[in-house]
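Asker: model this:
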Amino acid sequence: MKTIYILIGFIVLALVQIFVPIQMIWESEDILVSGTAYKFKTRPIDPTDPFRGKYITLWYEMNSFAMKDTSYTYGNKVRVYIEKDDQGFAKVVQISKEPLDINKDYVMAKVTGNYKEIINFELPFNRFYMEETKAKDTERTYTEANSDDLRENVYALVYVKDGRSVLENVIIDGIPIQDYVEK
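Answerer: Numbering: from 1, shown residues only. This next block holds a predicted model:
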């Protein structure tokens with residue numbers, strides 16, 4: 001009888017370990033299929049920033065919002081309501097700690113500062129993971145593209161749905177970064 005309980009417990013544990021990753025993958029795929037695509041303009045990173053593994057670090061031009069509310073402090077989770085500008089890039093419409101009754105997409109972010117009526121925040125999709133053997137070349141290419149004439153043509157393609165977001169790709173001059181590095 002004790003063996004049956006152990007077997008049932010093992011089966012339940014195994015199913016939970018299988019279900020959780022499958023649910024996470026399904027949610028990300030659902031966002032990619034039915035979410036709204038936004039282009040987020042990137043900006044150059046500090047060239048001395050060390051390469052921290054199998055990803056490149058992304059920084060965004062859209063990282064602050066002007067508002068007089070001084071209650072926003074470091075670490076607060078906020079909803080950054082966005083819409084597309086005339087060139088298709090994401091722009092901030094409003095930020096709020098609580099859900100607003102406006103018909104706009106939003107991403108969750110973390111407040112990094114509040115200074116002189118400017119609230120700075122960090123977007124959650126600031127790492128682009130990739131194959132380890134190409135990561136160093138890709139980061140160098142990304143840094144160079146953000147520092148020269150292509151700067152206006154470097155952006156992250158992010159899908160947004162119900163406050164969740166998935167970074168699909170980094171685009172340089174209309175080409176996915178993996179393909180751009182190979183040319």
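Asker: roughly how far out does the helix ranked longest in the chain sit from the chain middle?
Answerer: If each helix of the chain is counted by residues according to DSSP state H, the longest one is helix 2-34. The chain centroid and the centroid of helix 2-34 are separated by 25 Å under Cα atoms, centre = their mean, to the nearest Å.
Asker: before we move on, what about stretch 117-131?
Answerer: Mean C-alpha position of stretch 117-131 versus that of the full chain (Cα atoms, centre = their mean) differs by 6 Å.
Asker: Next, the buried residues of that stretch.
Answerer: When neighbours are counted by 16 or more other Cβ atoms under 10 Å, the buried residues of stretch 117-131 are found to be Ile119, Asn120, Phe121, Leu123, Phe125, Asn126, Phe128, Met130. Glycine gets a C-beta too; all of them are placed from N, C-alpha and C.
Asker: can you list contacts of that stretch?
Answerer: Outside of stretch 117-131, the residues that reach it under the criterion Cβ atoms under 8 Å, 6 or more residues apart in numbering are 40, 54-60, 62-69, 72, 78, 80, 95, 107-114, 138, 156, 158, 165-167, 169-170, 177-178.
Asker: What about Pro138, how many residues nearby?
Answerer: No, residue 138 isn't Pro; it's Thr. Counted with other Cβ atoms under 10 Å, the neighbours of Thr138 add up to 22.
Asker: just checking, it touches Asp179?
Answerer: No: proximity of Thr138 to Asp179 does not meet the contact threshold set by Cβ atoms under 8 Å, at 10.8 Å.
Asker: how close does Asn169 sit to Val158?
Answerer: Counting by Cβ to Cβ, to the nearest Å, the gap from Asn169 to Val158 is 9 Å.
Asker: hang on, the earlier thing: please flag which of the contacts of stretch 117-131 sit within helices.
Answerer: Thr138, Ile177, Gln178.
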